[in-house]
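[1] Requesting a structural model of the entry that follows:
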Amino acid sequence: MIDAMYNYRQGEIHSDEFNKLCIPFENSLSEEQIDIFHKILDCASDTAAAEMRAAYNVGFKDGATMMQEIQD
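    From the prediction side, this is the model:
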């Protein structure tokens, strides 16, 4: 349930700074280098997403524990 709540609240995040850096850099790469670069970006994105999901879960459970302690 916590994962579903996290995924529901997740939205599109756009970064102008990323685009300013990434597009000219990609234009300087060969096709093979672009493929490798995209795989690296995918790995970084997957890792960041997993870390955020885990932190959300821990934070939610910690919050629920604190609320329960206050009620007791």
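
[2] low-confidence ranges in this protein?
    The model of the chain has pLDDT under 70 over residues 1-14.

[3] Could you point out the longest helix of it?
    Using DSSP state H, we find that the single longest helix of the chain is helix 31-71.

[4] what helices or strands is that helix leaning on?
    Helices and strands touching helix 31-71, as assessed by 3 or more C-beta pairs under 8 Å, 6 or more residues apart in numbering; DSSP states H and E, comprise helix 2-9, helix 16-27. To be clear about C-beta, it is placed using only N, CA and C from the backbone, and glycine gets the same treatment.

[5] Show me what the longest one is in contact with.
    Yep, that's helix 16-27 we're talking about. Helix 16-27 is contacted from outside by 34, 37, using C-beta atoms under 8 Å, 6 or more residues apart in numbering.

[6] got the angle between that helix and helix 31-71?
    160 degrees (axes from the mean of the first three to the mean of the last three C-alpha atoms, to 10 degrees).

[7] Could you list the buried residues of helix 16-27?
    Judged by neighbour count using 16 or more other C-beta atoms under 10 Å, helix 16-27 contains no buried positions.

[8] chain center to it: distance?
    Taking the mean of its C-alpha atoms, helix 16-27 sits 19 Å from the chain's own mean (C-alpha atoms, centre = their mean, to the nearest Å).

[9] And stretch 40-55, by the same measure?
    Centre to centre, stretch against its chain (C-alpha atoms, centre = their mean), the figure for stretch 40-55 is 5 Å.

[10] Mind telling me which residue is nearest the centre of the chain?
    For the chain, the residue sitting closest to the mean C-alpha position, by C-alpha atoms, centre = their mean, is residue 49 at 3.1 Å.

[11] How about the contacts made by that residue?
    Counted by C-beta under 8 Å, 6+ apart, residue 49 has zero contacts.
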